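In: Just need the structure, nothing else, for what follows:
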Amino acid sequence: MTVSFDTPVPSARHERTLRLKRGVGRAAGFLGKMARNPLTAIGGSIILLLLMVAIFAPWIAPYNPLVQDLDSALSPPNAAHWFGTDEFGRDIFSRLVYGSRITLYIVLLVSVTVGPLGLLLGVSAGYFGGKVDMVLMRVTDIFISFPSLVLALAFVAALGPGLEHVVIAITLTAWPPIARLARAETLSLRQADFISAVRLQGASPLRVLWRHIVPLCLPSVIIRITMNMAGIILTAAGLGFLGLGAQPPEPEWGAMISSGRTYMMECWWVVTIPGLAILINSLAFNFLGDGLRDILDPRSE
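Out: Predicted structure coming up:
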């Protein structure tokens with residue numbers, strides 16, 4: 001007499017539930033590692049607060065950031081205007097709140113553009129080598145040889161003032177370091193045993209790059225992009241200060257400092273408050289980048 005025991009086959013719904021639980025567990029572990037680093041927790045909290053402020057700006061800002069009130073011009077911080085007013089009587093707190101949208105718009109748009117561009121060029125140069133590597137890296141060297149702010153100024157001067165042109169200019173100056181990083185990572189992976197095994201199985205170069213090399217390069221690229229966000233904020237503020245970014249009366253932080261520099265000796269809040277906003281958010285992105293490096297980089301274990 002033969003007795004057979006049928007092994008239960010998990011249903012598709014059960015498998016989805018298990019995958020969801022594993023994903024939640026990994027996310028909880030990732031957040032736990034971030035929370036154990038005080039500076040990373042502070043940076044992440046500030047960036048989360050910046051996102052909330054940008055999303056709920058119409059409900060947070062007590063005044064319209066564009067409406068002028070000359071009777072209240074250059075009022076110091078008080079109960080009605082927490083951060084004072086500028087030379088046109090506009091509430092500085094409200095302008096800071098709406099200015100966070102402009103800052104995040106530039107940072108996010110540049111980051112999602114620079115990341116894929118630098119990653120694509122870097123892994124292509126590192127994997128194919130030869131003339132492809134030589135051409136791509138010589139172009140990269142040309143861009144790196146110029147200071148990023150000077151090169152961004154040149155591009156914006158050629159394209160004309162405006163937020164979209166600022167994004168294009170910063171993107172054109174921010175991709176070379178990411179491409180160099182992705183190339184270095186690819187060179188270290190190209191001769192690995194598992195890559196050779198995949199090639200022997202008949203995988204095409206595109207499949208090797210997309211399925212095996214790019215996922216391994218992503219952590220380093222994400223870390224670099226996060227740390228580059230502070231530089232993006234400073235470059236955007238610098239262009240705004242020079243009048244090449246968002247045009248008046250848009251509440252861009254660099255433009256706010258530029259318009260208030262005439263009154264900075266008598267009315268310190270006009271320049272100091274936007275400057276502190278730039279400083280705090282730049283530090284927050286640096287703190288977050290340091291924490292992500294400790295968590296995502298396996299060599300730090």
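In: got any ranges where the chain has weak pLDDT?
Out: 1-35, 296-301 (pLDDT under 70).
In: show me where it has helices.
Out: 12-35, 38-55, 57-60, 92-128, 130-144, 148-159, 163-190, 193-200, 205-208, 214-241, 253-260, 269-296 (DSSP state H).
In: buried stuff in the fifth one?
Out: In this case it means helix 130-144. Going by neighbour count (16 or more other C-beta atoms under 10 Å), the buried part of helix 130-144 is 133, 136-137, 140, 143-144. No exception for glycine: its C-beta is placed from N, CA and C like everyone else's.
In: And it, what does it pack against?
Out: Other helices and strands packing on helix 130-144, by 3 or more C-beta pairs under 8 Å, 6 or more residues apart in numbering; DSSP states H and E, are helix 92-128, helix 163-190.
In: Between helix 92-128 and it, find me the angle.
Out: Orientation of helix 130-144 against helix 92-128 (axes from the mean of the first three to the mean of the last three C-alpha atoms, to 10 degrees) gives an angle of 150 degrees.
In: now do the second one
Out: Put simply, helix 38-55 runs at 120 degrees to helix 92-128, going by the same axes, to 10 degrees.
In: Let me know the angle separating helix 38-55 from helix 269-296.
Out: Using the same axes, to 10 degrees: helix 38-55 against helix 269-296 is 120 degrees.
In: Number of residues surrounding residue 79?
Out: When neighbours are defined as other C-beta atoms under 10 Å, residue 79 has 5 of them.
In: ugh, wrong one, residue 69
Out: Around residue 69 there are 15 other residues, counting by other C-beta under 10 Å.
In: and the gap between it and residue 89?
Out: Per C-beta to C-beta, to the nearest Å, residue 69 is found 4 Å from residue 89.
In: Residue 70 now?
Out: 5 Å.
In: So between those two, which is more surrounded?
Out: More neighbours surround residue 89 than the other of residue 70 and residue 89, with 17 against 10 (other C-beta under 10 Å).
In: What are the phi and psi values at the more buried one?
Out: Torsion angles at residue 89 (phi, psi; degrees, to the nearest 10) stand at phi 80, psi 10.
In: so what's it up against?
Out: If you count contacts by C-beta atoms under 8 Å, 6 or more residues apart in numbering, residue 89 has them with 68-75.
In: List buried residues within these.
Out: Using 16+ other C-beta under 10 Å, the buried members of those are 72, 74-75.
In: From these, which land in strands?
Out: Nothing among the buried ones among the contacts of residue 89 maps onto strands, per DSSP state E.
In: quick check, nearest of the contacts of residue 89 to residue 198?
Out: Ranked by distance to residue 198 (C-beta to C-beta), those are led by residue 68 at 64.0 Å.
In: ok, and the closest non-adjacent residue to the closest one?
Out: Leaving aside its sequence neighbours, residue 68 sits nearest to residue 88 (C-beta to C-beta, 6 or more residues apart in numbering; 4.3 Å).
In: For that neighbour, grab the count of nearby residues.
Out: 16.
In: What's the separation between it and residue 269?
Out: From residue 88 to residue 269 the distance is 14 Å (C-beta to C-beta).
In: quick one on the thing from earlier: highest mean neighbour count out of the helices of the chain?
Out: Comparing these by mean neighbour count (mean count of other C-beta atoms under 10 Å), helix 253-260 comes out on top with a mean of 24.
In: CA atoms of it as CSV?
Out: In CSV, the C-alpha atoms belonging to helix 253-260 read as follows (Å, rounded to 0.1, in the frame of the first residue of the first chain):
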residue,chain,number,x,y,z
TRP,A,253,15.2,81.8,-2.1
GLY,A,254,18.3,83.0,-4.0
ALA,A,255,16.3,85.8,-5.7
MET,A,256,14.9,86.8,-2.3
ILE,A,257,18.5,87.3,-1.0
SER,A,258,19.4,89.3,-4.1
SER,A,259,16.5,91.7,-3.8
GLY,A,260,17.1,92.2,0.0
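In: tilt between it and helix 163-190?
Out: For helix 253-260 against helix 163-190, the angle by the same axes, to 10 degrees is 140 degrees.
In: Perfect, I'm done here.
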